[in-house]
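In: here are the coordinates; sequence isn't available:
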């Protein structure tokens with residue numbers, strides 16, 4: 001049972017390293033307890049189970065009850081299965097130390113999470129993953145965050161595990177001086193100056209933060225009128241190219257047509273593009289209105305939080321991700337809700353030549369998705385425009401700096417985004433390095449298996 005206890009302690013350290021606590025220097029120490037469980041001869045599966053039991057419910061705490069239960073259970077089951085695989089490979093390794101095996105397999109697990117439950121990329125299974133809970137997200141404001149532009153968020157996770165293994169190794173060898181120097185360096189880095197937003201002229205974008213409660217959102221006139229009033233004030237001040245509404249209306253058969261006409265008339269009157277988030281009973285969607293007021297693009301989210309309805313109606317039809325929006329002046333890609341947490345999706349849009357990314361989120365996972373938006377900007381080298389109902393709404397530059405609104409206050413935010421489509425090494429090279437790690441460990445396992453067969457004769 002001590003393995004489970006070590007895992008729980010590791011999970012609590014991870015919680016404190018994530019928003020809203022953001023004590024990122026603690027993330028370096030979370031692997032220590034996992035390595036300690038292995039060193040004491042315990043079960044890695046139980047240790048990872050304890051970590052998942054502590055961290056996943058925290059990371060998903062703001063979800064509605066049904067998706068919270070489904071997704072928490074799916075993630076805990078996956079991490080338990082992965083722990084059993086780790087135990088098998090840790091006993092079978094020829095060339096690699098336990099530190100390398102655990103660090104590599106953890107990165108591969110996070111990499112697979114971006115594809116779905118145990119990397120099954122079909123309909124419902126896509127929604128049974130949570131890549132936005134990658135441990136690398138804890139370093140969203142850390143000086144070492146730039147590693148994400150080279151290796152993605154998985155590079156940050158790998159670094160955390162390597163440093164954690166070094167701390168464990170030095171403690172076991174009683175290298176006290178080196179351990180003190182390392183810990184002092186890690187803690188001092190966390191208190192270095194935070195990145196500032198890089199101002200750059202380009203597309204003029206305004207965001208409306210309506211701060212509408214769920215009851216008010218269900219009254220379409222309330223949502224539309226507040227968005228319209230705030231947008232009008234913002235437009236006359238700044239003469240905008242694009243206005244973003246995180247909540248426009250709740251989609252119903254009764255009101256949808258008149259609500260779309262309302263937004264369409266606003267776009268024509270102000271001669272401005274509008275990107276509007278829409279709610280319905282199943283998945284959130286986004287509509288983009290042209291200068292003439294017509295709906296140019298409208299789509300459902302590629303990823304959604306899982307529901308019992310989907311669970312009982314398993315489908316194996318993949319969803320399209322072709323949604324880059326192009327105008328005469330600029331192009332961008334919108335992300336809705338948990339889509340912000342998927343590196344594969346942002347990388348694909350960057351490869352398609354988008355000038356910037358736009359994220360629209362509602363009420364849940366607000367702080368964690370904000371940290372993920374910063375990581376996505378670092379990974380792609382693109383500005384990220386994050387629009388949120390309750391806030392903070394933010395303009396995020398590729399250095400990790402941001403300018404934001406205050407949370408829980410009806411307000412507006414203006415910014416300019418440059419017309420660049422710079423591609424970082426992560427966008428160009430992608431995810432080949434986690435696959436390489438997996439290949440090397442697999443070859444090592446096959447060699448061990450071959451030697452064991454020869455020893456029988």
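Out: Okay, I see it. None of the values given here were measured: they were computed from a predicted structure. Numbering: from 1, shown residues only.
In: residue 133: how many residues sit nearby?
Out: 23 (other Cβ atoms under 10 Å). Placement of C-beta: from N, CA and C, glycine included.
In: would you check how far apart it and residue 115 are?
Out: Taken as Cβ to Cβ, to the nearest Å, the spacing of residue 133 relative to residue 115 amounts to 15 Å.
In: and for residue 186?
Out: 32 Å.
In: all strands of the stretch 201-350 of the chain, in order?
Out: 203-209, 242-250, 273-279, 285-289, 295-300, 325-326, 331-336 (DSSP state E, counting those that start in this stretch).
In: looking at those strands, which is closest to residue 411?
Out: strand 203-209 (5.0 Å; Cβ to Cβ).
In: against which helices or strands is the lengthiest helix in the chain packed?
Out: Looking across the chain with DSSP state H, the single longest helix is helix 65-92. Counting contacts by 3 or more Cβ pairs under 8 Å, 6 or more residues apart in numbering; DSSP states H and E, helix 65-92 is packed against helix 44-59, helix 98-113, helix 308-312, helix 432-455.
In: name the nearest residue to the residue most central in space within the chain, sequence neighbours excluded.
Out: Central residue of the chain (Cα atoms, centre = their mean): residue 341, 2.2 Å from the mean position. Spatial nearest neighbour of residue 341, chain neighbours left out: residue 132 (2.5 Å); criterion: Cβ to Cβ, 6 or more residues apart in numbering.
In: pLDDT wise, what is residue 330 at?
Out: Taken from the predicted model, the pLDDT recorded for residue 330 is 94.
In: just residue 280 next, same as before
Out: 61.
In: what does residue 351 give?
Out: Reported pLDDT for residue 351: 92.
In: residue 64 versus that one, what's the distance?
Out: Taking Cβ to Cβ, one finds residue 351 at 34 Å from residue 64.
In: these two: who's more crowded?
Out: Each of residue 351 and residue 64 has its neighbours counted (other Cβ under 10 Å); residue 351 has more, 15 against 11.
In: relative to residue 423, how far out is that one?
Out: 7 Å.
In: on the three-state scheme, residue 129 is what?
Out: coil (DSSP: H, G, I helix; E, B strand; the rest coil).
In: wait, it sits on residue 116?
Out: Yes: if you go by Cβ atoms under 8 Å, residue 129 and residue 116 touch, sitting 5.2 Å apart.
In: between the two, which is the more surrounded one?
Out: Comparing residue 129 with residue 116 by other Cβ under 10 Å, the one with more neighbours is residue 129, at 28 against 20.
In: quick one, phi psi at that one?
Out: Phi and psi for residue 129, reported as degrees, to the nearest 10, are phi -140, psi 160.
In: list the contacts of it.
Out: Residues in contact with residue 129 (Cβ atoms under 8 Å, 6 or more residues apart in numbering) are 74-75, 78, 112-117.
In: swap in residue 331?
Out: 324-325, 353-355 are the contacts of residue 331 under Cβ under 8 Å, 6+ apart.
In: kindly recompute the last result at 10 Å.
Out: By Cβ atoms under 10 Å, 6 or more residues apart in numbering, the contact set of residue 331 is 203, 324-325, 349, 352-356, 419, 421.
In: which of those residues ranks first by neighbour count?
Out: Most surrounded of the contacts of residue 331: other Cβ under 10 Å gives residue 356, at 27 neighbours.
In: wait, it touches residue 417, no?
Out: Yes: if you go by Cβ atoms under 10 Å, residue 356 and residue 417 touch, sitting 4.6 Å apart.
In: perfect, that will be all.
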